[in-house]
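J.: I need the structure of the sequence given here:
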Amino acid sequence: MPVLLCSLGTSWAVVPEAFHLLPPGPAGFHAVHVLTSASRQIDSGIGELLRYFGRFPGVDISVTRVDGFTELRSEEDHFAFEEVLYRWMLECRQQAGVDRGQNEAGGMPGSTCTALPHVCLAGGFKTMSAAMQKAAAVLGAVEVFHVLADPIFDDEREPGRKLEARTGEEVDHALGASAVRFVRLGPESGWPQFRGDTASEYPLQIVRTEGQTRWVRAADTRFRTRLREIVERSHRIAENWSSLGDLPFAELATWPAADLAWLREPLAPSSPSDRVWLEELPKIELHCHLGGFATHGEELAAVRAAAESPATLPPLRPCNSPSDWPLPAVAIGLEAYRKLGDNNGSTLLRDAGCLRAQCEQLYAHFLAQRVVYAEVRCSPANYADPTRGRSPLTVLSEIRETFQRCMGCSRPTPDAPPACHVNLLVIATRQDRGDFRSAISRHLTLAVTAAEHWTDDSVCRVVGVDLAGYEDVSTRAHIFRDDFKAVHRCNLALTAHAGENDDAEGIWSAVLELNVRRLGHALSLRESQDLLRTVADRGIAVEMCPYANLQIKGFPIDDAVAVAHEASRYPLLDYLRAGVRVTVNTDNIGISAASLADNLLLAARLCPGVTRLDALGLQRHALDAAFIPTAVRSRLVALASRGIPKP
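T.: Now for the predicted structure:
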């Protein structure tokens with residue numbers, strides 16, 4: 001049912017004139033709400049107004065006065081009125097929705113449904129009319145209109161002068177004489193940001209009530225503050241529209257120009273502020289080995305202390321890192337790198353207590369590092385112990401259940417998503433000897449079984465397989481093409497270590513024969529420009545791990561050397577500029593002794609010119625390449641967007 005909102009000054013007749021925009025009766029206005037000042041000059045006009053509407057008993061008439069607003073002397077006076085106006089319109093809109101719900105659908109009082117009003121701009125100060133029009137644009141209106149009233153009545157005090165209507169009878173006469181006309185400005189849909197807002201969110205403070213009139217004020221300026229923020233945000237989006245496609249997160253288009261310019265500056269690895277910025281940045285981890293965590297020091301001691309059968313734990317081996325670790329002057333190679341993790345992995349995680357502690361500590365590390373999504377790689381068959389009745393499926397269930405419990409404990413509320421969502425990748429490991437293909441088949445069967453068993457995307461589950469291990473001509477991906485058919489048919493995703501210790505042909509094999517979605521390391525990708533373009537064009541992501549890559553392969557860190565020797569420098573920036581979906585990860589957190597933030601900083605040292613915006617792009621690449629459904633990805637993108645720290 002139609003509702004009319006009017007502002008009012010010293011000429012009270014504008015309200016009944018506006019009331020006749022619609023013919024009185026069932027199709028006319030069923031409620032008229034008036035907002036005006038606290039000036040005593042309009043007291044008599046309000047009395048006349050209320051008496052006039054006494055002739056229409058079916059019409060709800062109310063008058064609201066802004067306490068303390070008697071005259072317009074300053075901007076502060078106007079803004080105080082404006083804050084009340086917005087809240088008053090929300091209240092009227094909501095009440096109209098309640099009435100409509102009761103009349104049309106049997107709604108109950110207190111409903112938060114809303115209905116748009118008709119808004120008249122004719123009454124009060126010019127600034128009041130301007131504010132009414134602005135409020136109608138923001139909150140919506142069925143129609144915005146103005147009243148034009150011809151002065152047709154004689155002024156007894158000044159012969160020859162004509163006046164507008166001053167009494168109810170004169171209003172009726174003016175209407176009958178067609179001396180009242182309407183300028184209809186059309187509807188306003190309102191801003192979408194305010195469509196769900198209710199009066200309870202922006203309440204009016206009632207100072208006092210006298211009959212059908214009440215005096216109100218707003219306790220704060222929250223509505224106008226929010227409105228100003230939305231306007232400024234919209235202006236920034238318009239300014240950045242042409243560069244929106246170059247921004248990894250659309251939210252960045254709302255940033256001020258100075259902040260965006262700061263993002264486009266090179267990341268400074270030695271800057272404490274840049275380190276803090278990266279540590280606070282929501283991050284995504286796609287290449288992290290469970291067995292490569294807690295390999296030394298207090299973390300390893302804590303995992304061993306959690307053992308269910310301490311007497312069966314293997315003795316500690318001498319796995320000391322080089323003295324210049326984690327940034328060795330000379331690369332140590334893959335085998336020596338692996339040996340640094342000999343005190344963990346399959347030597348330790350056969351114990352159920354150690355396995356749980358390892359998962360718990362890794363999850364705590366993710367939380368501390370602001371990792372919001374992680375895919376953890378594990379080898380359940382390597383941790384199985386038939387003598388204790390722990391099959392590979394049992395081990396995988398224990399890993400999943402521990403991460404799921406950690407995820408549940410990280411929820412701020414029971415219905416909220418976890419602070420960090422963890423999914424699992426089952427590792428299929430190539431060896432340089434023995435019947436390793438049978439072991440690969442068992443791991444692939446386990447992955448398929450797990451993926452079919454745990455199907456809820458909101459929980460920790462197996463989402464893919466990683467072909468890892470020994471790389472050379474004899475173990476290239478094409479050899480396992482038939483082994484992985486079941487993985488593809490069950491919609492499990494596939495990533496493969498390729499091009500870390502093999503040449504570009506090993507990457508070609510993974511791309512063409514296994515249809516991998518991601519490549520682990522891919523350091524030899526730049527050996528073939530055709531391959532580089534293929535990976536970029538197909539959107540295949542590359543999982544780079546700067547610390548592990550440096551430690552195993554060796555790359556120049558010094559800026560001058562890195563820039564001068566293209567063939568030997570770390571290829572991350574070259575891949576980025578070629579359009580490859582590059583991600584940065586940790587690989588083995590304990591062995592490499594480096595967090596995800598550390599790896600991002602090292603990437604900037606290895607590749608001078610990496611910007612803060614590039615660092616954000618790496619996170620977006622990881623989100624786009626994560627093995628997750630669209631709904632989960634959208635939630636994580638929104639979470640990451642909101643959490644980007646400003647300078």
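J.: Please count neighbours and contacts with C-alpha atoms only from this point.
T.: OK.
J.: helix or strand for residue 604, which one?
T.: Residue 604 is part of helix 596-606, with elements assigned from DSSP states H and E.
J.: Next SSE downstream of that helix?
T.: Once the chain leaves helix 596-606, the next helix or strand it forms, by DSSP H and E, is helix 612-625.
J.: Could you name the helices and strands sitting against that next one?
T.: With contacts defined as 3 or more Cα pairs under 8 Å, 6 or more residues apart in numbering; DSSP states H and E, helix 612-625 has these neighbours: helix 257-263, strand 283-289, strand 541-544, strand 581-584, helix 630-643.
J.: which stretch among those comes nearest residue 156?
T.: Between residue 156 and the helices and strands packed on helix 612-625, the tightest spacing by Cα to Cα is seen for helix 257-263, at 63.0 Å.
J.: Tell me the buried residues in the closest one?
T.: Residues of helix 257-263 classed as buried: 260, 263 (neighbour count, 16 or more other Cα atoms under 10 Å).
J.: what's in contact with that helix?
T.: 236, 252, 611, 612, 613, 646, 647 (Cα atoms under 8 Å, 6 or more residues apart in numbering).
J.: just the buried members of the residues you listed?
T.: Using 16+ other Cα under 10 Å, the buried ones in the contacts of helix 257-263 are 236, 252, 611, 612, 613.
J.: any idea which of the residues you listed is least confident?
T.: Among the buried ones among the contacts of helix 257-263, residue 236 carries the lowest pLDDT, at 92.
J.: picking that back up, nearest to residue 553, out of the helices and strands packed on helix 612-625?
T.: Closest to residue 553 of these is strand 541-544 (Cα to Cα; 12.6 Å).
J.: which other helices and strands contact the helix or strand following that closest one?
T.: With elements assigned by DSSP H and E, the helix or strand that comes after strand 541-544 is helix 546-553. Secondary-structure packing of helix 546-553 (3+ Cα pairs under 8 Å, 6+ apart): helix 334-339, helix 589-592, helix 596-606.
J.: hang on, the earlier thing: using CSV, lay out the buried ones among the contacts of helix 257-263 together with distance to residue 34.
T.: Below are those laid out as CSV (distance: Cα to Cα, whole Å):
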residue, distance to residue 34
236, 36
252, 42
611, 56
612, 53
613, 52
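J.: Out of these, give me the two with the largest separation.
T.: Across the buried ones among the contacts of helix 257-263, the two lying at the largest distance from each other (Cα to Cα) are 236 and 611, at 21.6 Å.
J.: Can you list the low-confidence ranges for the stretch 51-200 of the chain?
T.: Counting by pLDDT under 70, the stretch 51-200 of the chain has low-confidence residues at 98-114.
J.: what about the strands in it?
T.: 60-66, 118-120, 141-149, 153-154, 162-163, 180-188 (DSSP state E, counting those that start in this stretch).
J.: just the stretch 251-400 of the chain next, same as before
T.: Going by DSSP E, counting those that start in this stretch, the stretch 251-400 of the chain shows strands at 283-289, 371-378.
J.: so what strands line up beside the longest one?
T.: In other words, strand 371-378. Here strand 371-378 has these sheet partners by DSSP bridges: strand 283-289 (parallel), strand 421-430 (parallel).
J.: In TSV, list those along with distance to residue 333, mean pLDDT and mean neighbour count.
T.: As requested, the strands paired with strand 371-378 are exported to TSV (distance: least, Cα to Cα, whole Å; pLDDT from 0 to 100; neighbours: other Cα atoms under 10 Å):
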stretch	distance to residue 333	mean pLDDT	mean neighbour count
strand 283-289	18	98	25
strand 421-430	18	96	25
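J.: Tell me the bridge partners for residue 146.
T.: For residue 146, the beta-bridge partners under DSSP bridges are residue 183.
J.: Hmm, residue 186 and it touching each other?
T.: No - when contacts are counted by Cα atoms under 8 Å, residue 146 is not listed as touching residue 186 (10.6 Å).
J.: Comparing these two, which shows the higher neighbour count?
T.: More crowded of residue 146 and residue 186, by other Cα atoms under 10 Å: residue 146, with 19 against 11.
J.: quick one: that one and residue 183, what's the gap?
T.: Going from residue 146 to residue 183 by Cα to Cα, to the nearest Å gives 5 Å.
J.: per-residue confidence for residue 245?
T.: The model reports residue 245 with a pLDDT of 88.
J.: Could you check how far it is from residue 499?
T.: 31 Å.
J.: With neighbour numbers in mind, choose between these two.
T.: Taking neighbours as other Cα under 10 Å, residue 245 and residue 499 compare with residue 499 leading, 24 against 11.
J.: Residue 510 versus the more buried one, what's the distance?
T.: From residue 499 to residue 510 the distance is 10 Å (Cα to Cα).
J.: repeat for residue 530
T.: Residue 530 sits at a distance of 15 Å from residue 510 (criterion: Cα to Cα).
J.: With residue 285 instead?
T.: The gap separating residue 285 from residue 510 is 22 Å, by Cα to Cα.
J.: okay, residue 530 and residue 510: which has more neighbours?
T.: residue 510 (27 against 12).
J.: any idea which residue of the protein is furthest from its center?
T.: No residue in the chain sits farther from the centre than residue 159, which is 69.6 Å out by Cα atoms, centre = their mean.
J.: Between its first and last residues, how far does stretch 586-596 reach?
T.: The first and final residues of stretch 586-596 sit 6 Å from each other (Cα to Cα).
J.: Helices of the stretch 251-400 of the chain, start to end?
T.: Ranges of helices within the stretch 251-400 of the chain are 257-263, 272-280, 297-305, 334-339, 352-368, 380-383, 392-409, based on DSSP state H, counting those that start in this stretch.
J.: Out of these, which is the most enclosed?
T.: The highest average neighbour count among the helices of the stretch 251-400 of the chain, using mean count of other Cα atoms under 10 Å, belongs to helix 380-383 at a mean of 23.
J.: before we move on, back to that, mind picking the two most distant members of the contacts of helix 257-263?
T.: 236 and 611 (21.6 Å).
J.: May I have the distance across stretch 291-301, first residue to last?
T.: End-to-end distance for stretch 291-301, by Cα to Cα: 15 Å.
J.: Actually, stretch 9-20.
T.: 19 Å.
J.: Next: stretch 185-200.
T.: The first residue of stretch 185-200 is 30 Å away from its last residue (Cα to Cα).
J.: buried sites along that stretch?
T.: Using 16+ other Cα under 10 Å as the burial criterion, the residues of stretch 185-200 that qualify are 187, 188, 190, 198, 199.
J.: Ok, stretch 456-473 next?
T.: Neighbour-count burial for stretch 456-473, counted by 16+ other Cα under 10 Å, picks out 459-472.
J.: So which of the residues you listed belong to strands?
T.: Judged by DSSP state E, these include 462, 463, 464, 465, 466, 467, 468, 469 as members of strands.
J.: can you pull the contacts of the first one?
T.: Residues in contact with residue 462 (Cα under 8 Å, 6+ apart) are 423, 424, 425, 426, 447, 450, 451, 454.
J.: now the fourth one, which residues is it bridged with?
T.: What that stands for is residue 426. Bridge pairing for residue 426 - DSSP bridges - gives residue 378, residue 465.
J.: Alright, calling it a day.
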